[in-house]
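Colleague: What shape does this take:
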Amino acid sequence: MRVFEQGSSLKEAREDREYRSIREERMEGFLSSLTDPLENYPELMSIEEACLEKYVPLIRPSMQRFLSFEMKARRPKRILEIGTAVGFSSILMAKNLLEFSDDFHIDTIENYDVRIPEAEANFKACGVEDYITLHFGDAGEILRLMGEEKKQGDQGFGLHFHGPYDLIFMDAAKGQYPVWLPLLKDLMEKNTLLITDNVLQEGELVESHFAIHRRNRTIHKRVREYLYALTHDEDLQTEILPIGDGLALTVLR
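Modeller: Next up is the predicted model:
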């Protein structure tokens, strides 16, 4: 990155930012040319295309590569996802795991009723409906229920859920992350990996609160609170990586 001396013009700074943005796009294109996580999954390519056309949020290619790698490297048997949307990431995880075994299950939570029929249709179209259970409702309430079932059970959860979980993937309402963290801790065990996506907020995370658009200030504040909690909780070990829009990897100490 070019470093500007004091007194450099705003125009130069903006040009540098544009240059870095173009370079990042080129780098993403280069990495995608080396390994495409959707290469063997034409159904997922179609879902991705439809999402891009309709401006439906989707995990980025770099996150797709990371999740695919984690599935193949860790081969988790029980997964909890918070934020189903149209089911893209659930299907991606399931497809990667099916290359090795069918002994796994994914519980996924979604609160936006418009997405539920689309997600269920996508599960069926991709042939993974038997491996994924979609729970509709407020994530906080469902996580509390999960915690209660875990306490009541000797080892696993109750009849509603398929825990204990080897991996938790969270990509949902960012403003709720600090509220959900204590609930997630109750569901984590020694080897559980918590993956949190989009924690760098397009770079806005490092900006002053007053430099953020008013409508984004609450999310800006709460994501910062969440990252502070992850990195200062004595029970947790967290690393934050600049992959995609930033991801946090968390395990119990």
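Colleague: Which residue ranges of the stretch 1-150 of the chain form strands?
Modeller: 78-82, 105-110, 132-136 (DSSP state E, counting those that start in this stretch).
Colleague: winner for burial among these?
Modeller: strand 78-82 (a mean of 25; mean count of other Cβ atoms under 10 Å). For glycine as for every other residue, the C-beta is placed from the backbone atoms N, C-alpha and C.
Colleague: strand partners of it, parallel vs antiparallel please.
Modeller: Strand pairing for strand 78-82, determined by DSSP bridges: strand 105-110 (parallel), strand 167-170 (parallel).
Colleague: what's around residue 50, how many residues?
Modeller: Residue 50: 15 surrounding residues under other Cβ atoms under 10 Å.
Colleague: Tabulate the strands paired with strand 78-82 (a markdown table), appending mean pLDDT and distance to residue 45.
Modeller: Formatted as a markdown table, those follow (pLDDT from 0 to 100; distance: least, Cβ to Cβ, whole Å):
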| stretch | mean pLDDT | distance to residue 45 |
| --- | --- | --- |
| strand 105-110 | 97 | 20 |
| strand 167-170 | 97 | 21 |
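Colleague: Export those as a markdown table, with columns for distance to residue 63.
Modeller: Output for the strands paired with strand 78-82, formatted as a markdown table (distance: least, Cβ to Cβ, whole Å):
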| stretch | distance to residue 63 |
| --- | --- |
| strand 105-110 | 16 |
| strand 167-170 | 10 |
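Colleague: Which one of those strands lies nearest to residue 149?
Modeller: strand 105-110 (11.4 Å; Cβ to Cβ).
Colleague: Could you verify my assumption that residue 135 touches residue 106?
Modeller: No. Between residue 135 and residue 106 there is no contact under Cβ atoms under 8 Å: 10.7 Å.
Colleague: which stretch among the strands paired with strand 78-82 comes nearest residue 152?
Modeller: Here strand 105-110 is closest among the strands paired with strand 78-82 (Cβ to Cβ), at 17.0 Å.
Colleague: how far off strand 132-136 does that closest one point, in degrees?
Modeller: If you take axes from the mean of the first three to the mean of the last three Cα atoms, to 10 degrees, strand 105-110 sits at 20 degrees to strand 132-136.
Colleague: Surely residue 248 is in a helix?
Modeller: No. Going by DSSP: H, G, I helix; E, B strand; the rest coil, the assignment for residue 248 is strand, not a helix.
Colleague: Pairing partners for it in the sheet, please.
Modeller: Taking DSSP bridges, one obtains residue 196, residue 240 as the residues bridged to residue 248.
Colleague: Assign residue 251 to helix, strand or coil.
Modeller: Going by three-state DSSP: residue 251 is strand.
Colleague: what's near enough to touch it?
Modeller: 188, 190-194, 236-237 (Cβ atoms under 8 Å, 6 or more residues apart in numbering).
Colleague: Export the residues you listed to CSV and append columns for secondary structure.
Modeller: As requested, the contacts of residue 251 are exported to CSV (three-state DSSP):
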residue, secondary structure
188, coil
190, coil
191, coil
192, coil
193, strand
194, strand
236, strand
237, strand
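Colleague: among these, who's most crowded?
Modeller: Comparing the contacts of residue 251 by number of neighbours (other Cβ under 10 Å), residue 194 comes first, having 24 neighbours.
Colleague: can you give me the helices in this structure?
Modeller: With helices called from DSSP state H, the chain shows them at 10-34, 42-54, 61-74, 88-98, 115-125, 139-152, 177-187, 217-232.
Colleague: Out of those helices, indicate the one that is most buried.
Modeller: Highest mean neighbour count among the helices of the chain (mean count of other Cβ under 10 Å): helix 88-98, a mean of 23.
Colleague: Thanks again, I'm all set now.
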